[in-house]
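In: Need the 3D shape of this:
(chains A and B)
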Amino acid sequence: DTAVSQTPKYLVTQMGNDKSIKCEQNLGHDTMYWYKQDSKKFLKIMFSYNNKELIINETVPNRFSPKSPDKAHLNLHINSLELGDSAVYFCASSPLGRGNGELFFGEGSRLTVL
Amino acid sequence: GNSVTQMEGPVTLSEEAFLTINCTYTATGYPSLFWYVQYPGEGLQLLLKATKADDKGSNKGFEATYRKETTSFHLEKGSVQVSDSAVYFCALSVNTGGFKTIFGAGTRLFVKA
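Out: Numbering: from 1, shown residues only, chains lettered A, B, ... in the order given. Here you go, the predicted model:
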(Lines give C-alpha, C1' and ligand atoms only; values in the text may rest on other atoms or scores of the structure.)
Protein backbone atom coordinates (compact mmCIF):
# COMPACT_ATOMS: atom_id res chain seq x y z
CA ASP A 1 0.00 0.00 0.00
CA THR A 2 1.34 3.38 -1.02
CA ALA A 3 1.26 5.75 1.95
CA VAL A 4 1.24 9.04 0.01
CA SER A 5 0.20 8.72 -3.61
CA GLN A 6 0.11 11.38 -6.30
CA THR A 7 -1.40 11.37 -9.76
CA PRO A 8 -0.37 11.84 -12.44
CA LYS A 9 3.31 11.00 -12.16
CA TYR A 10 4.10 12.79 -15.42
CA LEU A 11 2.25 15.67 -17.01
CA VAL A 12 3.21 17.40 -20.26
CA THR A 13 1.10 20.32 -21.37
CA GLN A 14 1.08 23.57 -23.31
CA MET A 15 1.46 27.06 -21.91
CA GLY A 16 -1.83 28.61 -20.93
CA ASN A 17 -3.54 25.33 -20.08
CA ASP A 18 -5.08 24.46 -16.70
CA LYS A 19 -4.06 21.24 -14.94
CA SER A 20 -4.55 19.45 -11.62
CA ILE A 21 -2.45 17.12 -9.53
CA LYS A 22 -4.10 14.91 -6.95
CA CYS A 23 -2.69 13.62 -3.69
CA GLU A 24 -4.01 11.09 -1.20
CA GLN A 25 -2.52 9.76 2.02
CA ASN A 26 -3.64 6.68 3.95
CA LEU A 27 -1.51 7.31 7.02
CA GLY A 28 -4.22 9.04 9.02
CA HIS A 29 -2.14 12.22 9.18
CA ASP A 30 -3.74 15.58 9.87
CA THR A 31 -1.40 17.80 7.88
CA MET A 32 -0.62 17.77 4.18
CA TYR A 33 1.76 19.85 2.08
CA TRP A 34 2.71 20.74 -1.44
CA TYR A 35 6.38 21.31 -2.24
CA LYS A 36 7.92 22.40 -5.54
CA GLN A 37 11.33 21.03 -6.57
CA ASP A 38 13.09 22.91 -9.35
CA SER A 39 15.64 21.59 -11.83
CA LYS A 40 18.46 22.18 -9.34
CA LYS A 41 16.68 20.00 -6.78
CA PHE A 42 15.84 22.97 -4.55
CA LEU A 43 12.68 22.28 -2.51
CA LYS A 44 10.30 25.05 -1.58
CA ILE A 45 7.11 24.75 0.44
CA MET A 46 4.01 26.04 -1.30
CA PHE A 47 1.05 25.20 0.90
CA SER A 48 0.10 23.34 4.04
CA TYR A 49 -3.33 22.18 5.16
CA ASN A 50 -4.28 20.93 8.58
CA ASN A 51 -7.60 19.08 8.73
CA LYS A 52 -8.78 20.80 5.55
CA GLU A 53 -7.76 24.24 6.81
CA LEU A 54 -5.05 26.24 5.03
CA ILE A 55 -2.29 27.05 7.51
CA ILE A 56 0.74 27.84 5.34
CA ASN A 57 0.54 29.77 2.10
CA GLU A 58 3.94 30.84 0.87
CA THR A 59 4.44 33.45 -1.82
CA VAL A 60 2.86 31.50 -4.62
CA PRO A 61 1.07 33.03 -7.64
CA ASN A 62 -2.72 33.07 -7.46
CA ARG A 63 -2.74 30.72 -10.43
CA PHE A 64 -2.00 27.95 -7.93
CA SER A 65 -5.01 26.90 -5.89
CA PRO A 66 -4.93 24.02 -3.42
CA LYS A 67 -8.09 22.21 -2.42
CA SER A 68 -8.56 19.80 0.47
CA PRO A 69 -11.91 18.00 0.35
CA ASP A 70 -10.98 16.00 3.44
CA LYS A 71 -7.90 15.50 5.55
CA ALA A 72 -6.72 12.55 3.46
CA HIS A 73 -6.68 14.50 0.19
CA LEU A 74 -4.91 17.63 -1.01
CA ASN A 75 -5.16 18.55 -4.67
CA LEU A 76 -3.30 21.26 -6.55
CA HIS A 77 -4.89 23.11 -9.45
CA ILE A 78 -2.79 25.35 -11.67
CA ASN A 79 -4.36 27.87 -14.06
CA SER A 80 -2.75 29.46 -17.10
CA LEU A 81 0.40 27.39 -16.94
CA GLU A 82 3.72 29.11 -17.63
CA LEU A 83 7.11 27.75 -18.66
CA GLY A 84 8.47 28.49 -15.19
CA ASP A 85 5.93 26.16 -13.64
CA SER A 86 7.88 23.20 -15.00
CA ALA A 87 9.11 21.31 -11.95
CA VAL A 88 8.50 18.25 -9.84
CA TYR A 89 5.68 18.79 -7.36
CA PHE A 90 5.76 16.72 -4.20
CA CYS A 91 2.90 16.08 -1.85
CA ALA A 92 3.74 15.23 1.76
CA SER A 93 1.93 14.53 4.98
CA SER A 94 2.78 14.79 8.65
CA PRO A 95 1.09 13.70 11.86
CA LEU A 96 -0.13 16.59 13.99
CA GLY A 97 1.53 16.77 17.38
CA ARG A 98 3.69 13.73 16.73
CA GLY A 99 6.89 13.11 14.80
CA ASN A 100 8.19 16.64 15.31
CA GLY A 101 7.49 17.64 11.77
CA GLU A 102 8.70 14.50 10.04
CA LEU A 103 7.38 14.46 6.48
CA PHE A 104 6.19 11.52 4.43
CA PHE A 105 6.53 12.22 0.72
CA GLY A 106 4.79 11.00 -2.38
CA GLU A 107 6.84 10.03 -5.43
CA GLY A 108 6.34 13.36 -7.12
CA SER A 109 4.56 14.64 -10.21
CA ARG A 110 6.81 15.92 -12.96
CA LEU A 111 5.14 18.79 -14.80
CA THR A 112 6.59 19.94 -18.12
CA VAL A 113 5.14 23.05 -19.72
CA LEU A 114 5.96 23.50 -23.41
CA GLY B 1 14.38 33.75 9.93
CA ASN B 2 14.85 30.04 9.53
CA SER B 3 17.31 28.65 7.02
CA VAL B 4 19.52 25.66 6.27
CA THR B 5 22.88 25.75 4.55
CA GLN B 6 24.56 22.59 3.36
CA MET B 7 27.70 21.95 1.40
CA GLU B 8 27.44 22.16 -2.33
CA GLY B 9 27.87 19.08 -4.41
CA PRO B 10 28.36 16.99 -6.18
CA VAL B 11 30.45 14.88 -3.86
CA THR B 12 32.20 11.98 -5.56
CA LEU B 13 33.70 9.19 -3.46
CA SER B 14 35.04 5.73 -3.98
CA GLU B 15 33.30 2.81 -2.34
CA GLU B 16 34.23 2.37 1.34
CA ALA B 17 35.36 5.99 1.68
CA PHE B 18 34.32 8.16 4.63
CA LEU B 19 31.51 10.61 4.00
CA THR B 20 30.80 13.96 5.61
CA ILE B 21 28.16 16.37 4.38
CA ASN B 22 28.13 19.60 6.34
CA CYS B 23 24.92 21.27 7.40
CA THR B 24 24.36 24.40 9.48
CA TYR B 25 21.15 26.13 10.36
CA THR B 26 19.62 29.30 11.72
CA ALA B 27 16.33 29.08 13.53
CA THR B 28 14.09 30.89 15.95
CA GLY B 29 13.16 28.67 18.81
CA TYR B 30 14.14 25.01 19.04
CA PRO B 31 13.88 23.20 15.75
CA SER B 32 13.93 19.50 15.05
CA LEU B 33 16.61 18.52 12.54
CA PHE B 34 16.43 15.97 9.77
CA TRP B 35 18.33 14.37 6.95
CA TYR B 36 16.27 13.19 4.01
CA VAL B 37 17.52 11.17 1.05
CA GLN B 38 16.20 11.21 -2.50
CA TYR B 39 17.14 8.34 -4.80
CA PRO B 40 16.85 8.91 -8.55
CA GLY B 41 13.25 9.18 -9.71
CA GLU B 42 11.83 8.90 -6.21
CA GLY B 43 10.41 11.12 -3.52
CA LEU B 44 12.28 12.10 -0.41
CA GLN B 45 12.43 9.71 2.51
CA LEU B 46 13.55 10.31 6.04
CA LEU B 47 17.07 9.09 6.73
CA LEU B 48 17.46 10.21 10.34
CA LYS B 49 16.38 12.88 12.77
CA ALA B 50 17.22 14.56 16.08
CA THR B 51 14.79 16.57 18.13
CA LYS B 52 16.96 18.22 20.78
CA ALA B 53 20.50 19.33 21.44
CA ASP B 54 23.14 16.58 21.67
CA ASP B 55 20.75 13.97 20.25
CA LYS B 56 22.34 11.67 17.71
CA GLY B 57 20.23 10.34 14.88
CA SER B 58 21.39 7.20 13.11
CA ASN B 59 20.16 4.87 10.39
CA LYS B 60 21.73 2.55 7.78
CA GLY B 61 25.23 3.44 8.98
CA PHE B 62 24.60 7.19 8.68
CA GLU B 63 24.66 9.40 11.73
CA ALA B 64 24.36 13.06 12.66
CA THR B 65 24.51 14.89 16.00
CA TYR B 66 22.44 17.96 16.86
CA ARG B 67 25.00 20.57 17.91
CA LYS B 68 23.28 23.63 19.31
CA GLU B 69 26.50 25.47 20.13
CA THR B 70 27.67 25.35 16.51
CA THR B 71 24.13 25.18 15.00
CA SER B 72 25.19 22.19 12.97
CA PHE B 73 23.90 18.75 12.01
CA HIS B 74 26.61 17.19 9.86
CA LEU B 75 25.91 13.86 8.18
CA GLU B 76 28.57 11.13 8.37
CA LYS B 77 29.04 7.57 7.23
CA GLY B 78 32.14 5.53 7.80
CA SER B 79 32.07 3.47 4.62
CA VAL B 80 29.86 4.42 1.69
CA GLN B 81 28.46 2.01 -0.87
CA VAL B 82 27.47 2.51 -4.50
CA SER B 83 23.84 2.19 -3.39
CA ASP B 84 24.25 5.34 -1.27
CA SER B 85 24.41 7.45 -4.43
CA ALA B 86 21.55 9.92 -4.06
CA VAL B 87 20.74 13.51 -3.15
CA TYR B 88 20.85 14.28 0.57
CA PHE B 89 18.83 17.10 2.11
CA CYS B 90 19.34 18.64 5.51
CA ALA B 91 16.18 20.14 6.96
CA LEU B 92 14.77 21.80 10.04
CA SER B 93 11.23 21.87 11.28
CA VAL B 94 9.67 24.48 13.53
CA ASN B 95 6.18 24.63 14.94
CA THR B 96 4.59 27.90 13.90
CA GLY B 97 1.01 26.86 14.54
CA GLY B 98 1.73 23.96 12.24
CA PHE B 99 5.06 22.39 11.41
CA LYS B 100 6.97 24.11 8.66
CA THR B 101 9.98 22.28 7.25
CA ILE B 102 12.78 24.23 5.59
CA PHE B 103 15.20 22.33 3.36
CA GLY B 104 18.79 22.92 2.42
CA ALA B 105 19.70 22.98 -1.26
CA GLY B 106 20.61 19.30 -1.34
CA THR B 107 23.97 17.61 -1.90
CA ARG B 108 24.33 15.05 -4.64
CA LEU B 109 26.55 12.09 -3.76
CA PHE B 110 28.12 9.82 -6.36
CA VAL B 111 29.84 6.67 -5.12
CA LYS B 112 32.10 4.84 -7.58
CA ALA B 113 32.79 1.14 -7.40
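In: Return the distance of the residue in chain B that chain A sits nearest to relative to residue A:101.
Out: Across chain B, the shortest distance to chain A (CB to the nearest CB) belongs to residue B:93, at 2.8 Å. All C-beta atoms are positioned from the backbone trio N, CA, C, and that covers glycine. Distance of residue B:93 to residue A:101, given as CB to CB, to the nearest Å: 3 Å.
In: Need the overlap of contacts for those two.
Out: Shared contacts of residue B:93 and residue A:101 (CB atoms under 8 Å, 6 or more residues apart in numbering or on different chains): B:32, B:34, B:99, B:100, B:101.
In: List just the nearest of those to residue A:105.
Out: Nearest to residue A:105 among the shared contacts of residue B:93 and residue A:101 is residue B:101, at 10.7 Å by CB to CB.
In: same for the worst-scoring helix or strand of chain B on mean pLDDT, what does it pack against?
Out: The weakest-scoring helix or strand in chain B, judged by mean pLDDT, DSSP states H and E, is strand B:99-103 (a mean of 87). Judged by 3 or more CB pairs under 8 Å, 6 or more residues apart in numbering or on different chains; DSSP states H and E, strand B:99-103 is in contact with strand A:43-50, strand B:3-6, strand B:86-95.
In: can we see that at 10 Å?
Out: In terms of contacts (3 or more CB pairs under 10 Å, 6 or more residues apart in numbering or on different chains; DSSP states H and E), strand B:99-103 is packed against strand A:31-37, strand A:43-50, strand A:53-57, strand A:87-94, strand B:3-6, strand B:32-38, strand B:86-95.
In: what two of the shared contacts of residue B:93 and residue A:101 are the furthest from one another?
Out: Largest pairwise distance in the shared contacts of residue B:93 and residue A:101, by CB to CB, is 12.7 Å, between B:34 and B:100.
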